[in-house]
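Q: just need the structure, nothing else, for what follows:
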Amino acid sequence: MSTPPLPGTPSTTTGAKRVDKSRRVLPPNPKAAALVAVGFTVLLYLIELVDVVLPANLDAGGIQPREADGLLGVLFAPLLHGSWEHLAANSIPVLLFAFLTMAGGIGQWIAVSATIWLIGGLGVWLIGPPDTVHIGASGLAFGWLAFLLVRGIFNRAPGQLVLAVVLFLVYGGMLWGVLPGAADISWQGHLFGALAGVLAAWLVAKADRSMGKAGPSAGASTPPAPPLPPGNLAA
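A: Now for the predicted structure:
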């Protein structure tokens, strides 16, 4: 017959879960992660449909570098696309990278995505060419890809490193997109999205290490376990 942990005795279960979380390769709940990734992609298509049907030009709400009004576009630019072709080109990377980035859980994915979303957008606003409007989810895709490529280095996780190699072999050509190229491609968004992804991976790894070192009883002393009354010992 097993006995429950004595009062004041720290459990190692939480620490083990934290270690597993930092080394995961795939989402702990694949169905939920797939639903979120598909749902986000469907949202992009619905927004593009609204933009096509309505007379209003939603794409004008993108990022306009160094314009006060254009700063608001940081919040909306990843949701807007210039055409169905533009959206279709982003769809597979968005679906795949969003799904894989949820290895740390959906909550962590939201935090990572918000970091990429804001830093990537602000970078475009700061250094983008004047009199231009920047839209598209490719900055997010570059950020997620960069996160997936480097998180295994920060976490020292062999499984994540193997996945990073596979992703680099398949999608490494995307990384040329962080360099200046065609005038109609926002390389600034790609560059700052990727940099934000690296930063997010470092921050997540640092937070996981801190939580692992702290353990479940960090910051508080535990009282000694009281003696068990005679006759209550389990055999």
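Q: just the CA trace of the helix or strand harbouring Tyr45, in CSV.
A: Using DSSP states H and E, the element containing Tyr45 is helix 30-53. Output in CSV follows, covering the C-alpha atoms of helix 30-53 (Å, rounded to 0.1, in the frame of the first residue of the first chain):
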residue,chain,number,x,y,z
PRO,A,30,-1.6,17.6,-30.9
LYS,A,31,-5.3,17.9,-31.6
ALA,A,32,-5.6,21.2,-29.7
ALA,A,33,-2.5,22.6,-31.3
ALA,A,34,-3.7,21.6,-34.8
LEU,A,35,-7.0,23.2,-34.1
VAL,A,36,-5.4,26.5,-33.0
ALA,A,37,-3.0,26.5,-36.1
VAL,A,38,-5.9,25.7,-38.5
GLY,A,39,-8.1,28.2,-36.8
PHE,A,40,-5.6,31.0,-37.1
THR,A,41,-5.0,30.2,-40.8
VAL,A,42,-8.8,30.1,-41.4
LEU,A,43,-9.0,33.5,-39.8
LEU,A,44,-6.5,34.9,-42.3
TYR,A,45,-8.7,33.6,-45.2
LEU,A,46,-11.8,35.1,-43.7
ILE,A,47,-10.1,38.4,-43.3
GLU,A,48,-8.9,38.3,-47.0
LEU,A,49,-12.5,37.3,-48.0
VAL,A,50,-13.9,40.4,-46.2
ASP,A,51,-11.2,42.6,-47.9
VAL,A,52,-12.2,41.3,-51.3
VAL,A,53,-16.0,41.6,-50.8
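Q: can you pull the buried residues of it?
A: Taking 16 or more other CB atoms under 10 Å as the basis for neighbour counts, the residues of helix 30-53 that come out buried are 33, 36-37, 40-41, 44, 47-48, 51. Backbone N, C-alpha and C define where each C-beta goes, glycine included.
Q: also stretch 129-140?
A: Neighbour counts using 16+ other CB under 10 Å place 132-140 of stretch 129-140 among the buried residues.
Q: quick one: stretch 150-169 to chain centroid distance?
A: Taking CA atoms, centre = their mean, to the nearest Å, one finds the center of stretch 150-169 at 15 Å from the center of the full chain.
Q: repeat for stretch 82-95
A: Distance of stretch 82-95 from the chain centroid (CA atoms, centre = their mean) equals 18 Å.
Q: so Ile116 touches Gly193, yeah?
A: Yes. Taking contact to mean CB atoms under 8 Å, the distance of 5.5 Å between Ile116 and Gly193 places them in contact.
Q: could you tell me which residues touch both of these two?
A: Common neighbours of Ile116 and Gly193 (criterion: CB atoms under 8 Å, 6 or more residues apart in numbering): 139-140, 143.
Q: these into CSV, with extra columns for secondary structure and pLDDT?
A: Converted to CSV, the shared contacts of Ile116 and Gly193 look like this (DSSP: H, G, I helix; E, B strand; the rest coil; pLDDT from 0 to 100):
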residue, secondary structure, pLDDT
Gly139, helix, 97
Leu140, helix, 98
Gly143, helix, 98
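Q: go through those residues and name the one nearest Trp187.
A: Proximity of the shared contacts of Ile116 and Gly193 to Trp187 was ranked by CB to CB; the top entry is Gly139 with 10.1 Å.
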